[in-house]
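Trainee: sequence first, then the predicted structure, then my questions.
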Amino acid sequence: MEISRAGTRPSEAANSDYFTGQVRFDPVTRPRDPARHAALVVTFEPGARTNWHTHPLGQTLFVLSGAGLAQTEGGPVHRLRPGDSVWFPPNQKHWHGAGPDTAMSHMAIQEAEDGRAADWLEPVSDADYNSPPTDD
């Protein structure tokens, strides 16, 4: 058994090549052989978001706080609220992030395939980000 105590895992700034705005990672678990899963809490400041991207084995998000947005390629923008969970199937092009006026934190869980958990693509345009979200 290995216990990682709160406050012993430093926060990390997200790589600005793959994100718009201020985004912070707080690791929960990193893959250890033979496991392939990783989990981290991602905090997006208002207006911050990922680039478009895919995951070779899919990704689950669990919204912890704030209000966010997510979209798959060709689909509508969806609002995300605390307690919501989102599943993106393998290789589905998508983005997610905070709303324009509120921060959002979610836990992201994904597996790596051959050491790769995500394939990063182009930034999300302001037009896509500012599309009216659905209220589903």
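Mentor: All right, it came through fine.
Trainee: in the protein, which spans are strands?
Mentor: 12-13, 19-20, 23-29, 37-44, 49-50, 53-54, 59-66, 68-72, 77-80, 85-88, 94-98, 104-111, 119-120 (DSSP state E).
Trainee: what is the last one packed up against?
Mentor: Right, the one you point to is strand 119-120. When contacts are defined as 3 or more C-beta pairs under 8 Å, 6 or more residues apart in numbering; DSSP states H and E, strand 119-120 packs onto strand 53-54. Every residue, glycine included, has its C-beta placed from N, CA and C.
Trainee: pLDDT of the strand it packs on, averaged?
Mentor: Averaging pLDDT along strand 53-54 yields 98.
Trainee: what does it contact?
Mentor: Here strand 53-54 makes contact (C-beta atoms under 8 Å, 6 or more residues apart in numbering) with Y18, P90, N91, Q92, K93, H94, W95, A118, D119, W120, L121.
Trainee: show me what contacts the first one?
Mentor: Right, Y18. T50, N51, H53, W120.
Trainee: kindly report the same for E73.
Mentor: E73 touches W52, Q92, K93, H94, counting by C-beta under 8 Å, 6+ apart.
Trainee: switch the cut-off to 6 Å
Mentor: By C-beta atoms under 6 Å, 6 or more residues apart in numbering, the residues touching E73 are K93.
Trainee: just E122 next, same as before
Mentor: Residues in contact with E122 (C-beta under 6 Å, 6+ apart) are W52.
Trainee: now it: how far from G68?
Mentor: Shown here: E122 relative to G68, a distance of 20 Å by C-beta to C-beta, to the nearest Å.
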